[in-house]
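Student: need coordinates for the below:
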Amino acid sequence: MIQGTMSNAGKSIIAAGLCRIFSDDGYKVAPFKSQNMALNSYITKEGLEMGRAQVMQAECARTRPSVLMNPILLKPTSDVGSQVIVNGRTIGNMKAMEYFRNKKGFVKDIMAAYEKLAAMNDIVVVEGAGSPVEMNLKKDDIVNMGLAEMLDAPVLLVGDIDRGGVFAQLLGTLDLLEDKERKRVKGLIVNKFRGDSRLFEDGVKILEERGKTRVVGVVPYMQVKLDDEDSLSERFNASETKEFDIAVIRLKHISNFTDFDTFEQMDGVSVRYVNSTSELGDPDLIILPGTKNTIEDLREIKKEGLADLLVKKAVYGSCIFGICGGYQMLGRKISDPLNMEAGGCEEGLSLLPVDTLIEEEKICRNHTGYISEVSGVLEGMEKLAIDGYEIHMGTTKPYEELCEFTSGNTGYCRDNVYGTYFHGFFDKKEICVSVIEKIAKQRGKKADTENVTDYALFKDRQYDILAEGLKNSLDMEYIYEIMGLKNEKR
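Tutor: Predicted coordinates for the structure are as follows:
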C-alpha cells in the first residue's frame with residue numbers, strides 16, 4: 001500500500017509506476033483505492049463510473065479498468081456535499097456529515113471489491129488518500145491505515161520534498177501514527193527531488209535514524225505527462241502562452257480536465273486554465289470544460305464577466321468549444337427542476353440554439369461515434385471517428401434546425417461554436433491534428449503536428465518513462481521482499 005504525507009505528495013504516480021514495473025516483471029497486477037474523492041472520472045465498458053487515477057494505474061498495469069479498483073467515488077457538488085458512487089453507480093448526494101456517519105457501512109462493498117480483485121491478480125497496489133494522520137478523521141478510517149489493517153498490507157510512505165519540509169512530513173507522520181500502524185510502514189520514499197540525489201545522502205541517514213525506518217528511494221522530479229487526479233494539478237498553474245494558445249475556462253467545479261492533456265504532446269501549444277477576463281487574452285481556441293455543477297459554475301462566470309466576454313469573442317469569430325457541462329452552458333437555458341445540482345433555471349450563453357433539462361437519471365455511456373456535420377473553421381472533419389464516453393446529468397435538445405456535430409445527438413455546432421457530450425473527443429490523432437491545423441491556418445499561424453500520436457499511445461510511452469525512473473531510484477528488491485515475492489519471477 002502506498003500512503004502519502006498529504007494530498008499531491010505523489011501517491012497516485014508512485015502506485016502507477018509500480019504497476020507498470022510489476023507488469024514488466026511478468027506479474028498480473030491491479031490498482032486499488034477504496035475511496036476516491038475527485039471530479040475526474042471515467043466510464044468503463046460496462047457503463048460504470050470510477051476515478052481516473054485508477055484508470056491511469058490500470059493502463060500502467062496493462063489491464064482493463066474495473067470499478068473493483070475504486071468501489072467508492074465521491075464527486076463534490078458543493079463545499080459541504082458530494083455525489084456518492086458505489087460500485088460504479090450513483091446512490092445519491094450526501095452532506096459530508098451524513099457520509100461520515102454512514103461510511104463504515106461501505107466496508108462490505110470495499111472488501112468484496114478487493115477480494116475479487118485480489119483473486120484475479122498476483123499483486124494489488126493499494127493507494128491511500130490524503131494523509132493517514134488526519135487526527136480528527138482517523139476514527140472509522142476506511143482508506144488509509146484502517147484499510148491497511150483490513151487488508152494486512154505493508155505500507156510505503158511518500159513525502160514530497162519539492163514543496164519543502166520533507167523531514168517534518170515524514171517524521172511527523174510517523175510520530176503521529178499509533179505503534180501498530182507504525183509497524184506497518186516498511187519504508188519511506190522521498191519524492192520529486194530536483195538535482196543530484198547524492199546531495200541528499202545525509203538526509204537519508206537522518207530519516208532512517210530518526211524514523212527507525214528504511215528509505216526505499218529518492219525519486220527524481222520527472223518530466224512525465226500523466227492524467228492528474230484532481231484540481232491540485234500543477235497544470236492549473238501554467239501561464240505561458242505559446243505559438244498556438246488554448247484557453248480552458250477554469251470552472252469552480254471543473255471535471256475531466258484530462259480531456260485536454262493530449263495537446264501537451266506539442267511543444268508549440270499552450271493550454272492555460274483561466275478564471276478571469278484579464279487572463280483570457282486572445283487565444284486561438286477557447287474551451288468550456290465539464291463541470292459537476294453546471295448552473296452554479298455558469299452563474300459564477302457570469303458574475304466574473306467571462307460569460308459576456310465569451311459571447312463577444314464568438315461574435316468576432318473566435319473558436320469556442322464546449323464539452324459536457326461546458327456544452328450545456330453554450331445553449332439558451334439550463335433547467336434543474338428536481339434540484340439535482342444547483343436547482344432552478346439559468347439562461348445560458350445562447351451561442352447554440354439548444355436547451356438542457358437536468359433530470360434524475362445520470363447518463364453514463366462508453367461508446368464510439370463520429371463527427372457528423374461541421375460548420376465554420378473546422379469544416380472538413382466530417383466522418384472522423386471518436387472514441388469516448390458520456391457522463392452527465394440531463395439531456396440537451398435543439399429548438400431550431402442545427403448542424404449535428406457529433407453522432408447520436410450528442411453535440412451540435414453553429415459557425416465557430418461547437419458543443420459535445422463526448423469526453424475524450426480530442427484523443428484521436430486525426431481529430432487533435434485537424435483541430436490545431438485548421439484553426440492555425442485561419443489565424444495565419446504554423447502548427448507543428450508531425451509527432452502527434454493517438455493519446456493512448458502517448459500515455460503508454462509516458463508510463464514507460466515513469467517506470468524506468470522508479471526502477472533507477474527505488475530499491476525494488478526490497479519492495480519485492482516486503483511483499484514476500486523476492487526473486488519469485490524476476
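
Student: who are the packing partners of the longest strand anywhere in the chain?
Tutor: As assigned by DSSP state E, the longest strand anywhere in the chain is strand 354-370. If you count contacts as 3 or more CB pairs under 8 Å, 6 or more residues apart in numbering; DSSP states H and E, strand 354-370 packs onto strand 41-43, helix 294-303, strand 333-336, strand 385-398. In this view, the C-beta of every residue, glycine as well, is placed from N, C-alpha and C.

Student: in the stretch 1-150 of the chain, which spans are helices?
Tutor: All helices of the stretch 1-150 of the chain, identified by DSSP state H, counting those that start in this stretch, fall at 11-24, 52-60, 96-102, 107-120, 145-151.

Student: sorry, that was for the stretch 201-350 of the chain
Tutor: Under DSSP H, counting those that start in this stretch, the stretch 201-350 of the chain gives helices at 201-211, 277-280, 294-303, 306-315, 325-329.

Student: so which of those is the most surrounded?
Tutor: Burial of the helices of the stretch 201-350 of the chain is given as mean neighbour count (mean count of other CB atoms under 10 Å); helix 325-329 ranks first at a mean of 29.

Student: can I get that one in PDB, CA atoms only?
Tutor: Extracted in PDB, the C-alpha atoms of helix 325-329 (Å, rounded to 0.1, in the frame of the first residue of the first chain):
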ATOM      1  CA  GLY A 325     -21.300  20.900 -18.800                       C
ATOM      2  CA  GLY A 326     -19.500  23.400 -20.900                       C
ATOM      3  CA  TYR A 327     -21.600  22.300 -23.900                       C
ATOM      4  CA  GLN A 328     -24.700  22.800 -21.800                       C
ATOM      5  CA  MET A 329     -23.600  26.400 -21.000                       C
END
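
Student: returning to that earlier point: name every strand pairing with the longest strand of the chain and say which way it goes.
Tutor: Paired with strand 354-370 in the same sheet, following DSSP bridges, are strand 333-336 (parallel), strand 385-398 (antiparallel).

Student: mean pLDDT, mean neighbour count and distance to residue 298 added to these, as JSON lines?
Tutor: JSON lines is the format used below for those (pLDDT from 0 to 100; neighbours: other CB atoms under 10 Å; distance: least, CB to CB, whole Å):
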{"stretch": "strand 333-336", "mean pLDDT": "96", "mean neighbour count": "20", "distance to residue 298": "7"}
{"stretch": "strand 385-398", "mean pLDDT": "94", "mean neighbour count": "20", "distance to residue 298": "13"}
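
Student: could you chop this structure up by domain?
Tutor: Per the record, the chain has its domains at 2-226+459-482, 244-442, by automatic domain parsing.

Student: from residue 77, how far out is the closest residue in space to residue 293 that isn't next to it in sequence?
Tutor: Using CB to CB, 6 or more residues apart in numbering and skipping the chain neighbours, the partner closest in space to residue 293 is residue 253 (4.4 Å). Going from residue 253 to residue 77 by CB to CB, to the nearest Å gives 7 Å.

Student: shared neighbours of these two, anything?
Tutor: With contacts defined as CB atoms under 8 Å, 6 or more residues apart in numbering, the residues adjacent to both residue 253 and residue 77 are 292, 293.

Student: what's the closest of the strands paired with strand 354-370 to residue 84?
Tutor: With CB to CB as the criterion, residue 84 lies closest to strand 385-398 of those, at 14.5 Å.

Student: just the angle between the closest one and helix 294-303, please?
Tutor: In terms of direction (axes from the mean of the first three to the mean of the last three CA atoms, to 10 degrees), strand 385-398 departs from helix 294-303 by 80 degrees.

Student: does residue 86 really touch residue 71, like I thought?
Tutor: Yes: under the criterion of CB atoms under 8 Å, residue 86 makes contact with residue 71 at 6.6 Å.

Student: mind exporting the longest strand of the chain as CSV, just the C-alpha atoms?
Tutor: Extracted in CSV, the C-alpha atoms of strand 354-370 (Å, rounded to 0.1, in the frame of the first residue of the first chain):
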residue,chain,number,x,y,z
VAL,A,354,-30.3,24.2,-27.6
ASP,A,355,-31.9,23.8,-24.2
THR,A,356,-30.8,21.4,-21.4
LEU,A,357,-33.1,19.7,-18.9
ILE,A,358,-31.3,18.2,-15.9
GLU,A,359,-33.1,15.0,-15.0
GLU,A,360,-32.8,12.4,-12.2
GLU,A,361,-31.1,9.8,-14.4
LYS,A,362,-27.3,10.1,-14.8
ILE,A,363,-26.2,9.2,-18.3
CYS,A,364,-23.1,7.0,-18.3
ARG,A,365,-22.1,5.6,-21.7
ASN,A,366,-18.8,4.4,-23.1
HIS,A,367,-19.1,4.2,-26.9
THR,A,368,-17.7,5.2,-30.3
GLY,A,369,-19.1,7.7,-32.7
TYR,A,370,-18.1,10.1,-35.4
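
Student: that one: which residues count as buried?
Tutor: For strand 354-370, a neighbour-count test (16 or more other CB atoms under 10 Å) marks 354, 355, 356, 357, 358, 362, 364, 366, 367, 369 as buried.

Student: for residue 420, phi and psi?
Tutor: Per-residue torsions, residue 420: phi -150, psi 150 (degrees, to the nearest 10).

Student: about what we covered before: among the helices of the stretch 1-150 of the chain, which gets the worst mean confidence?
Tutor: Ranked by mean pLDDT, the helices of the stretch 1-150 of the chain bottom out at helix 96-102, with a mean of 87.

Student: hmm, who's touching that helix?
Tutor: Under CB under 8 Å, 6+ apart, the answer for helix 96-102 is 74, 80, 81, 82, 84, 94, 137, 140.

Student: from those, list the buried ones, please.
Tutor: Neighbour-count burial (16+ other CB under 10 Å) applied to the contacts of helix 96-102 gives 74, 81, 82, 84, 94.

Student: list just the nearest of these to residue 304.
Tutor: Using CB to CB, these come closest to residue 304 at residue 81, 23.4 Å.

Student: from residue 134, how far off is that closest one?
Tutor: Applying CB to CB to residue 81 and residue 134 gives a distance of 19 Å.

Student: in TSV: the buried ones among the contacts of helix 96-102, plus pLDDT and distance to residue 204.
Tutor: Listed next are those as TSV, based on pLDDT from 0 to 100; distance: CB to CB, whole Å:
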residue	pLDDT	distance to residue 204
74	94	36
81	85	43
82	90	39
84	94	42
94	91	43
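
Student: so which of those residues are in strands?
Tutor: 74, 81, 82, 84, 94.

Student: so the first one sits against residue 82, correct?
Tutor: Which is residue 74. Yes: with contacts counted by CB under 8 Å, residue 74 reaches residue 82, the gap being 4.2 Å.

Student: tell me, what's touching these two both at once?
Tutor: Contacts common to residue 74 and residue 82, judged by CB under 8 Å, 6+ apart, are 37, 99.

Student: list the buried ones in the lowest-mean-pLDDT helix or strand in the chain?
Tutor: In the chain, the helix or strand scored least confidently by mean pLDDT, DSSP states H and E is helix 96-102, which has a mean of 87. Neighbour-count burial for helix 96-102, counted by 16+ other CB under 10 Å, picks out residue 99.

Student: so who does residue 436 touch?
Tutor: Residue 436 touches 244, 263, 266, 269, 447, 449, counting by CB under 8 Å, 6+ apart.

Student: oops, could you answer that again for residue 206 instead?
Tutor: Here residue 206 is in contact with residue 167 (CB under 8 Å, 6+ apart).

Student: beta partners of residue 72?
Tutor: When bridges are called by DSSP bridges, residue 72 pairs up with residue 35, residue 86.

Student: that'll do, ta.
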